[in-house]
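Q: The sequence isn't on hand, but the structure is:
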């Protein structure tokens with residue numbers, strides 16, 4: 001989709017449009033922000049616009065170059081993603097080989113590296129050499145929700161564009177205008193999405209609102225029963241496979257974040273899960289800011305452990321025990 005149809009992100013998009021108009025394109029960009037917030041959509045539109053033959057600051061979607069991109073057959077746009085758990089050195093070597101040739105269609109050659117933080121060490125070291133010796137008319141776009149896992153040497157050689165969580169109103173408007181949701185459906189999904197348009201669309205497909213509400217209720221019960229052993233309902237609600245556990249821990253993090261925000265501001269417009277104010281309000285009053293921060297820290301540690309393939313049931317049980325110890 002063109003920039004004009006992307007949900008939110010006015011600031012990074014304006015930076016990219018100015019770069020397209022001026023012709024001053026950075027050799028390497030780092031798009032960073034939470035999962036599902038729209039980084040990839042902006043990166044793909046930027047890659048398409050760099051080779052669009054009709055427009056200066058956007059992608060027309062109609063010229064031969066844009067149509068080739070949309071069909072996945074553009075010879076000058078390469079998308080690299082993890083194979084299994086990692087991006088390996090072979091993918092980076094292929095990228096380097098392709099950079100040695102002129103763009104086939106006379107524009108620019110663009111390389112999108114999705115989940116760039118999943119490069120293993122040899123791949124990251126090989127990419128660093130490419131960043132240190134930029135070649136003309138070749139551009140790299142690294143997309144990540146975990147920039148802290150990339151080497152500082154790579155981070156320092158990219159132009160950073162942060163992608164912040166989207167406003168609830170922006171998500172609701174996008175769902176109404178582009179996805180044909182009713183006003184009530186769009187409002188419910190947007191208020192439950194935690195600032196992520198991707199999450200809103202997932203919830204529409206997967207009944208995630210019911211899952212999210214079950215997790216929030218289980219978290220609330222666990223936090224209110226401070227001396228109880230690990231709550232089996234909460235542990236069961238957090239899922240089993242790695243990606244499922246990570247997504248649901250994100251829901252817990254956003255719930256705890258809302259508890260802190262309400263405790264400090266009592267502003268519903270700042271809540272990501274504003275539709276659950278009836279739960280958030282009383283629970284935030286029952287816990288101190290220090291207790292909430294300690295529990296949020298425990299969730300963050302557990303998420304990192306799961307990302308690093310720790311034993312998931314033990315990691316989750318340890319988290320709930322840490323919650324009890326933080327009381």
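A: In hand now; what should we look at? Note that the structure is predicted; figures quoted are calculated from it, not measured. Numbers count the residues shown, from 1 in each chain.
Q: list the buried ones in stretch 8-25?
A: Neighbour-count burial for stretch 8-25 flags 8-9, 12-13, 16-17, 19-20, 25 (criterion: 16 or more other CB atoms under 10 Å). The way it works is simple: take the backbone N, C-alpha and C, and place the C-beta from them, glycine included.
Q: Which two of those residues have the greatest separation?
A: 8 and 25 (22.8 Å; CB to CB).
Q: gap between the residue nearest to residue 88 when sequence neighbours are not counted and residue 38?
A: Nearest non-adjacent residue to residue 88, counting by CB to CB, 6 or more residues apart in numbering: residue 123, 5.6 Å away. Distance, residue 123 to residue 38, using CB to CB, to the nearest Å: 26 Å.
Q: so where's the stretch 151-300 of the chain shaky on pLDDT?
A: For the stretch 151-300 of the chain, the stretches flagged by pLDDT under 70 are 206-207, 226-231.
Q: so where do the strands sit in it?
A: Assigned by DSSP state E, counting those that start in this stretch, the strands in the stretch 151-300 of the chain fall at 159-163.
Q: Likewise for the stretch 1-150 of the chain?
A: Counting by DSSP E, counting those that start in this stretch, one finds strands in the stretch 1-150 of the chain at the ranges 28-33, 77-80, 109-114, 138-144.
Q: Determine the set of other helices and strands touching the first one.
A: What it means is strand 28-33. On a contact count with 3 or more CB pairs under 8 Å, 6 or more residues apart in numbering; DSSP states H and E, strand 28-33 meets helix 39-50, strand 138-144, strand 159-163.
Q: Other residues contacting it?
A: By CB atoms under 8 Å, 6 or more residues apart in numbering, the residues outside strand 28-33 that reach it are 12, 39-40, 42-43, 46, 116, 131, 134, 139-145, 147, 150, 155, 157-165.
Q: likewise the longest one?
A: Identification of contacts with strand 138-144 by CB under 8 Å, 6+ apart yields 25-32, 39-40, 43, 46-47, 50, 99, 108-117, 130-131, 150, 154, 158.
Q: Over to the second one?
A: Among residues not part of strand 77-80, those counted as contacts by CB under 8 Å, 6+ apart are 47-48, 51, 69, 87, 91-92, 95, 98, 109-114.
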